[in-house]
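# What follows is a protein structure lacking sequence information:
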């Protein structure tokens, strides 16, 4: 599964250190959906709003529950 990122969402680790406050403000105001951090030419982390993170955690719980039920019913 491929995930695509917009060019304006990708930041080097150095850029994040220099401009963290500005990037965080853009994420908080929804100007950016996420910030992908690249170090040594590899994607290393993604910064998202706390609400999005909480939604993802909740979705993971639901998926784990469904997986567990399917696994035990076989």
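Great, that's in hand. If you're wondering where the values come from, they're calculated on a predicted model, not measured in any experiment.
# Mind giving me the packing neighbours of the lowest-mean-pLDDT helix or strand in the chain?
Of all helical and strand segments in the chain, the minimum by mean pLDDT, DSSP states H and E falls on helix 50-72, at a mean of 91. In terms of contacts (3 or more CB pairs under 8 Å, 6 or more residues apart in numbering; DSSP states H and E), helix 50-72 is not packed against any helix or strand. Yep, even glycine has a C-beta here, placed from its N, CA and C like the rest.
# And the closest residue to residue 32 other than its chain neighbours, how far from residue 6?
The shortest distance from residue 32 to any non-neighbouring residue, by CB to CB, 6 or more residues apart in numbering, is to residue 26 (4.4 Å). According to CB to CB, to the nearest Å, residue 26 stands 12 Å off from residue 6.
# neighbour-wise, which of these two wins?
Per other CB atoms under 10 Å, whichever of residue 26 and residue 6 has more neighbours is residue 26, with 16 against 10.
# Isn't the more buried one up against residue 34?
No. Counting by CB atoms under 8 Å, residue 26 does not reach residue 34; the two are 10.2 Å apart.
# Residues in contact with stretch 55-74: which ones?
residue 48 (CB atoms under 8 Å, 6 or more residues apart in numbering).
# Which positions within that stretch qualify as buried?
Within stretch 55-74, no residue qualifies as buried by neighbour count (16 or more other CB atoms under 10 Å).
# Pull the distance from it to the chain's centre.
Averaging C-alpha positions (CA atoms, centre = their mean, to the nearest Å) puts stretch 55-74 20 Å from its chain's average.
# Phi, psi for the most centrally placed residue in the chain please.
Central residue of the chain (CA atoms, centre = their mean): residue 46, 4.0 Å from the mean position. Backbone torsions of residue 46, given as degrees, to the nearest 10, read phi -130, psi 130.
# Same question for residue 35.
Torsion angles, degrees, to the nearest 10, at residue 35: phi -130, psi 120.
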